[in-house]
Structure formats: structure tokens, C-alpha cells
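Asker: requesting a structural model of the entry that follows:
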Amino acid sequence: MNENPAIILVHGFWGGAAHWSKVITALAHKGFTKLHAVELPLTSLADDAARTRKMVAQQPGPVLLVGHSYGGAVITEAGDMPNVVGLVYIAAFVPDAGESPGGITESNPPVAIANIAPDSDGYLWIKQDTYHQSFCQDLTAEEALVLAVTQKAPLGSTFGDKVTAPAWKKKPSWYQISSEDRMIHPDNQQTMSTRINPRKVITLAASHASLISKADEVAGLIEEAAHAG
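Answerer: Here you go, the predicted model:
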């Protein structure tokens, strides 16, 4: 790879593009200038993949896709585009064809699954009073409060949407496991990371919010993927 690729960061459920703020600044300090963070509608996997594909298509050169949590399903579905040169999964879902994030979760429920509740419109929320302990127990109470209040809820049906053509079967991949994750069971992360035959796996003693609590380490893995030949 002769040039640094554009890096497109894809957020997950219960957070928007701003969840990447610390990773963005860390990557900027490393000299990356082509940084983008897509804002997903979280209305369906098809909608979210379509939004991501549009951003990829806007880039004139190579693109590295980075997905956190449900964003891993999005880059798995959207990543088979000619200019995508790699996929980086951050405590993320990596479904195979016919699998959904919901199905993977049900097979091995995480600690905090009981703290997710639907509202009367069909959106799923993490209960505000349990957001800290569920999503980001390694952040401060103040940081967790802001995340809880600004959380972006997905339509519940999105959780059951199935991947059709997994990009990781064609693109080189990297994975970061969060060993203290209460939103995606660490054993599921281990299983998913192994089956994609990644170039590299790192394990961080982090919550689901590793992109915030371990931003430097996450940025380091992204940097390594961006420089891979």
C-alpha cells in the first residue's frame, strides 16, 4: 500500500460518530489526514450498509473500514467494494452469511443484556441508570452520563437483520477483543475473531467502550492495518 488509505469509522448501537472522538485525535497525531466517521441511521442493516457504501464511494483512493460493535456487521455487509483494502473490528460483531448480531448475542448472552429495553416505538435503549455499568464501566461517571443521555437507539428489528455476503471472506481483517465487555460476550468476540483468520488480534482489558477507554491502543491497531501491504 503506497499511500495511507482513507479511514472510515463506523459506530455501533447506542452511540454515534462522536464515539470515535479520541481515536480520531490519536490517528491525527499519527499523521492520518483522510479521516471520516459515518453517522448511521440505525434503522436496518441494509440502510446502514447503504450509507456506509456511499461514503466509501466518495473516496478517490483506498479505504480502510473500521467498525465498533454493530458497526462490525455493517462493514461486513458493506466492505466488499473495490477500493476497500481492509477491515478492522473493534469489540465488534462479525457475522457470517445468514447470521445476525441478535442471533450471535442469543447464543451466548452478555452480562448486561437485561439492561436493554425497548420503548413503545420499537427502539432499543440501554437503561440510563445502568449505562455506566453496562457499556463503559472503565470510564468516569461523568463520561458515562453524557454517553447515556446522548445514546442513539437502534430500531429493535435491526438487531435481527442478517448479513448476506461477508466481506471478511475476501478482505484482510484485524480484530480487537475487549476482555471485560458486558455488551458482546468476550467468548463470542474470541470465536468471531478466530474464524475470520485475521492478520492480527489484540486483547485489551477494556469495557465495550474500548474505542474511548483504550483509544491509543485501538488507534495503534488501525495504524498497523493502514500500513499493511
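Asker: hey, let's count contacts and neighbours off CA atoms from now on
Answerer: Will do.
Asker: tell me the contacts of the residue nearest to Arg51 when sequence neighbours are not counted?
Answerer: Spatially, and ignoring its direct neighbours in sequence, Arg51 is nearest to Leu40 (6.8 Å; CA to CA, 6 or more residues apart in numbering). By CA atoms under 8 Å, 6 or more residues apart in numbering, the contact set of Leu40 is Val10, His11, Gly16, Ala17, Asp48, Arg51, Thr52.
Asker: likewise Thr158?
Answerer: Contacts of Thr158 by CA under 8 Å, 6+ apart are Leu42, Thr43, Ser44, Leu45.
Asker: likewise for Gly71?
Answerer: Val10, His11, Gly12, Phe13, Ala92, Phe93.
Asker: now those: which count as buried?
Answerer: When these are checked for burial by 16 or more other CA atoms under 10 Å, the buried set is Val10, His11, Gly12, Phe13, Ala92, Phe93.
Asker: tell me which of these is nearest to Glu3?
Answerer: Nearest to Glu3 among the buried ones among the contacts of Gly71 is Val10, at 21.4 Å by CA to CA.
Asker: quick one: neighbours of Thr25, just the number.
Answerer: 16 (other CA atoms under 10 Å).
Asker: any idea which element it lies in?
Answerer: Assessed by DSSP states H and E, Thr25 sits inside helix 21-29.
Asker: now Gly220
Answerer: helix 215-226.
Asker: flag every buried residue along that helix.
Answerer: For helix 215-226, the neighbour count (16+ other CA under 10 Å) marks Ala215, Asp216, Glu217, Val218, Ala219, Leu221, Ile222, Glu223, Ala225, Ala226 as buried.
Asker: export these to JSON lines and tack on pLDDT and distance to Leu35?
Answerer: Formatted as JSON lines, the buried residues of helix 215-226 follow (pLDDT from 0 to 100; distance: CA to CA, whole Å):
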{"residue": "Ala215", "pLDDT": "98", "distance to Leu35": "15"}
{"residue": "Asp216", "pLDDT": "98", "distance to Leu35": "16"}
{"residue": "Glu217", "pLDDT": "98", "distance to Leu35": "17"}
{"residue": "Val218", "pLDDT": "98", "distance to Leu35": "15"}
{"residue": "Ala219", "pLDDT": "98", "distance to Leu35": "12"}
{"residue": "Leu221", "pLDDT": "98", "distance to Leu35": "15"}
{"residue": "Ile222", "pLDDT": "98", "distance to Leu35": "12"}
{"residue": "Glu223", "pLDDT": "98", "distance to Leu35": "12"}
{"residue": "Ala225", "pLDDT": "98", "distance to Leu35": "14"}
{"residue": "Ala226", "pLDDT": "97", "distance to Leu35": "12"}
